[in-house]
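Novice: The sequence and its predicted three-dimensional model are supplied below.
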Amino acid sequence: MKDAAPQTIYLKDYTPFGWRVESVYLTFRLAASATRVLSKIRFAPNPDAPDQRFFLHGENLDPISTRIDGSETTPRAVAGGIELDVPDAPFTFEAEVEINPAANTALEGLYMSNGMYCTQCEAEGFRKITWYPDRPDVMAPFSVRIEGSEPVMLSNGNPGASGDGFADWHDPWPKPAYLFALVAGDLVTHPDSFTTASGKQVELNVWVRPGDEGKCAFGMEALKKSMAWDEATYGREYDLDVFNIVAVDDFNMGAMENKGLNIFNSSCVLASPETSTDANFERIEAIIAHEYFHNWTGNRITCRDWFQLCLKEGLTVFRDAQFTADMRSAPVKRIEDVIMLRGRQFREDNGPLAHPVRPDSFVEINNFYTATVYEKGAELIGMLKTLVGHDAYYRALDLYFDRHDGDAATIEDWLTVFEDATGRDLSQFKRWYDQAGTPRLSVTDDFKDGTYILNIKQETPATPGQTRKAPRIIPIAVGLLNPNGDEVQPTTILEMTEAEQSFTFEGLASKPVPSILRDFSAPVILEHEVSNATRAFLLAHDTDPFNRWQAGRDLALDTLLNMIRDGAVPGTDYLDALHTLIRDDTQDPAFRALALGLPSQDELAQMLHDHCETPDPQAIWEALETLKQVRAEAYQDTATRLYARYQVTEPFAPTAEQSAARSLANAAMSMLNRLDGGALAQKQFDDADNMTQQLAALSALIAADKGETAVARFYQQWRHDRLVIDKWFSAQIVHARPEDAAAIAKTLTQHPDFTMKNPNRFRATLGALAMSGAGFHHASGDGYDLLADWLIKLDPLNPQTTARMCTAFETWKRYDTDRQAKIETQLHRILAAPDLSRDTTEMITRILG
Ligand code: 0A1
Ligand code: ZN
């Protein structure tokens, strides 16, 4: 059966499916290149959607037989599936199809990874397994029999009978096909159990390939913490007898929340101190939580159609962020999330791929698993919570779970729940879901006779297909400090609803220093002329940790922009204020390490572009290098002291406390690395007994051009470990000098361990190049050329990963005409590749604009 021809799908065209699915019975006869899938599906007419043709999705299926109520029938092949004439009453559809998991390199549907069978059905992968109404609003209970010789054979729900060559599974909870999963292979488990609040015992497993058993304990603990947290915070209990997690090496995304059988990219679940960094541990804990939380926000309540994706993703990202904030440090998590939001989502919102949190059309839904849907979607939940308050938020969530359990819901349903629970009119808030683009808030202030006035203007630039934007409701958290540093106005939420609005604070003795957008209370760009002295004051005195960090970041940005624009030398305002902070051992070391972090090359390029200047990637890279050098020289003694003071002497533990100490010590090490010819980094590399220390040292040595021996030794030590070798690939590219990055990446694509069939390895190499700033954007155009070469090669094998990586080019209009011309040539070259996938065609077309 041929792929459906590219077609734009519109939210406004939604209609329910004409039948309900009462039950699904599937039998899988596993064979690597010829798996048979037998289905028996009970359909009943849907009185709410009469008079439709009976259509089932299906792609790349070899039909063997089809029956309706026991009688053989021949379906009509149509674009994207089949049509059949069916009775005007309940009926049973039976089919047998053959599929070829071994040939499935797209990693959607049923495929093989290292000899293991596994599935990925979100968003539209189930149609590559058998004929089915593959849409999220069709929910049904599934019973599955797996026949094969694999030692472990898993599917969703609870286990049923099993014996020689077969295993049965039954999932009592109605679910859409995208949550279907099957895994079969030679797997071993790290088992455990959890007793729910109501006393139900749940069997837990983390299934991995033999040899990886030692990397499961952390993930299992994260799972148990997540289960307990969701009970304590949202009153949500788990609802099956078993919860299985499986690690798979070849996976397009991070992980997948299939009911009762979560499948993880092995990089997002396997962890050990020797092979995983502190950042890996934190991320794994968050992703395990995220997938587990989907059991309620995604599975029990799913999405009516894919336009509503943010309903499950925004809410679940918000929930996992709350979890991490509770498990670790809330300010650190908030700062990390905002850095990520600005780096990925603001970038997206400001370019040709900008789209609303709830898009209204798409060609390929896989292209909409974006930072806007996920991360901005989560920010919207955070704003709602701020607007209605803590108690009302949890009241609304209770109502949501009560009212919509078992539903395929919409954003309208979600907002109605909040309106009903709080009595608030949320029609203006809904604009956040419908309007793309990042609002800009420009702020001026006045002070007279004890009254302080903040004048705020909101404006959202035009985005593709949306030229005019209506004002949104924006919760702006504000506090005021008096000039001696005391807080005279604790955090209060200003609700901005107009395009321009003034907010008044009375009874002040002197003009206060405002702290605006505390805790980053809305995903906006704040423009407020502030002197560097005021920023230094806020860095020292603000009671809001996010805004303290922001003040330091603004100082760094101002310093860097002046350096880039006219070669200015870094000012003492910044250097002194930062020095005071990092020297102060009463301050959280994680916060100090974050304050030492610098804006990325991409963020600086974006800033210059926002100011109508053309960013020069090389000049940005050089300014960052110069500033790092100046800081290293200015802080040498402090760095030496901090390095010694924050060595962790206890055995490695992936805790927030130890991670904080290591991050500050490593920040100190990378400063000293600029002054000592790599001696300290080399020593740390030689002595390291954990990956956080080893990788930081390796990166420092590469950046200092002293990495040759360490690079070779690292490879010898870790050549057997795929996930560590991914780090080896990317470190060499990310820390290379700009003029070398493309050549190094090219050489690495010729390394025997490079394979484009494994998305992690592909991303570790070509993705690292795409993120290397001045390396990717080197004036030679070699970076663009190399990436395009490989995207063209990857597309026939794996369209989904190819399309995602096209985003490397989304910022092309920022740059000078020479670079633009070079990128445009590559975009057209990709577009001209024969049989380019629907995924990549849509992305390149949108990027070209
Ligand atoms: N729903 C998963 C991630 C995921 C998204 C898309 C996929 O294929 C297009 C696969 C997985 C999550 O949010 O974790
Ligand atoms: Zn998710």
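Specialist: Great, that's in hand. Ligands and ions are numbered 1, 2, ... in the order given.
Novice: Single out the residue in the stretch 401-550 of the chain that lies closest to ligand 1.
Specialist: residue 408 (15.2 Å; CB to the nearest ligand atom). The way it works is simple: take the backbone N, C-alpha and C, and place the C-beta from them, glycine included.
Novice: distance of that residue from residue 442?
Specialist: Distance from residue 408 to residue 442, counting by CB to CB, to the nearest Å: 41 Å.
Novice: Now the residue of the stretch 401-550 of the chain closest to ligand 1. Nearest residue, chain neighbours left out?
Specialist: Nearest residue to residue 408, sequence neighbours excluded (CB to CB, 6 or more residues apart in numbering): residue 137, at 4.0 Å.
Novice: And that neighbour, what's its pLDDT?
Specialist: Per-residue confidence at residue 137 stands at 98 (pLDDT).
Novice: again, but for the one 5 residues further on
Specialist: With respect to pLDDT, residue 142 scores 99.
Novice: Could you check how far it is from residue 251?
Specialist: Taking CB to CB, one finds residue 142 at 22 Å from residue 251.
Novice: So residue 408 and residue 442 - more neighbours on which side?
Specialist: Between residue 408 and residue 442, counted using other CB atoms under 10 Å, the more crowded position is residue 408 (21 against 15).
Novice: which phi and psi does that one have?
Specialist: phi -110, psi 100 (degrees, to the nearest 10).
Novice: who in the protein is up against ligand 2?
Specialist: Residues of the chain lying near ligand 2 by CB under 5 Å from the ion: 313, 316.
Novice: Around ligand 1, pick out the residues from the chain.
Specialist: Within the chain, the residues that sit near ligand 1 (CB under 6 Å from any ligand atom) are 120, 122-123, 253-257, 290-291, 313, 366, 369.
Novice: which residues touch the helix or strand harbouring residue 619?
Specialist: Taking DSSP states H and E as the definition, one finds residue 619 inside helix 617-634. For helix 617-634, contacts defined as CB atoms under 8 Å, 6 or more residues apart in numbering pick out 556, 559-560, 563-564, 569-570, 575, 578-579, 596, 598, 601, 604-605, 608, 639, 670-675, 738, 773-774, 776-779, 815.
Novice: what's near enough to touch the closest residue to residue 110 other than its chain neighbours?
Specialist: Distances taken as CB to CB, 6+ apart place residue 101 nearest to residue 110, at 4.7 Å, with adjacent residues excluded. Going by CB under 8 Å, 6+ apart, residue 101 touches 32-33, 35, 109-112, 117.
Novice: now swap in residue 668 and tell me
Specialist: 638-640, 642-643, 646.
Novice: Apply 7 Å and report the result again.
Specialist: 639, 642-643 (CB atoms under 7 Å, 6 or more residues apart in numbering).
Novice: Arrange those in CSV, one row each, with neighbour count and pLDDT as further columns.
Specialist: CSV is the format used below for these (neighbours: other CB atoms under 10 Å; pLDDT from 0 to 100):
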residue, neighbour count, pLDDT
639, 26, 99
642, 26, 99
643, 19, 99
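Novice: Kindly present those as CSV, with separate columns for secondary structure and distance to residue 373.
Specialist: Shown next, in CSV, are these (DSSP: H, G, I helix; E, B strand; the rest coil; distance: CB to CB, whole Å):
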residue, secondary structure, distance to residue 373
639, helix, 41
642, helix, 40
643, helix, 41
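Novice: What number of neighbouring residues does the nearest residue to residue 451 once chain neighbours are set aside come out with?
Specialist: Spatial nearest neighbour of residue 451, chain neighbours left out: residue 506 (5.3 Å); criterion: CB to CB, 6+ apart. Using other CB under 10 Å, residue 506 has 9 neighbouring residues.
Novice: Done for today, thanks.
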